[in-house]
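Dropping the sequence and predicted coords here.
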Amino acid sequence: MCSSDLSTVRITAEHVANPQFQGQAVRAVGKLLGVDQATSMVQLQIVGADDGAAPLNVTCGQGTHKYALEQVGKGYYEVIGTLGGGGISEMNSVFMGESFDTGMYVEMVKLSHQFPDIF
């Protein structure tokens, strides 16, 4: 099954520790904070997190080549993967640009949870 065929739920920082989403395929958007090519991991500040909150670790089974080093600290990525253990095991990711309306995204996620049949 291709990752685009997989049903996913959008999450924000408030959902990361929620047991309901553990082991589930999720979509999360965050600002790229770090890339560790040696361990194939990246760190994202997930949308909805307070400033200074711990970053979310994303394990990239196919490498970190999709994450541009020049985007550290400014670029936003959507990660699709399995949530577990306080991190995400990436299946796919998409660069969302440097200008991303995080407030609008949080509101859209709230609506997608309130009306899941529409989303």
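Noted; the coordinates are in hand. Numbering: from 1, shown residues only.

Can you tell me the SS state at the spatially most distant residue from the centre of the chain?
Most distant residue from the mean C-alpha position of the chain: residue 117, 21.8 Å away (Cα atoms, centre = their mean). Under DSSP: H, G, I helix; E, B strand; the rest coil, residue 117 falls in the coil class.

check contacts around residue 102.
29, 47-48 (Cβ atoms under 8 Å, 6 or more residues apart in numbering). Every C-beta, even on glycine, is put in place using the N, C-alpha and C of the backbone.

Give me the phi and psi angles of it.
As for residue 102, its main-chain torsions (degrees, to the nearest 10) stand at phi -70, psi -40.

repeat for residue 69
phi -60, psi -30.

which residue sits closest to it in space, ignoring its chain neighbours?
residue 35 (5.8 Å; Cβ to Cβ, 6 or more residues apart in numbering).

looking at this, that neighbour is in a strand?
Yes - with three-state DSSP as the criterion, residue 35 is part of a strand.

Let me know whether it touches residue 66 as I believe.
No - taking Cβ atoms under 8 Å as the definition, residue 35 is not a contact partner of residue 66, at 10.0 Å.
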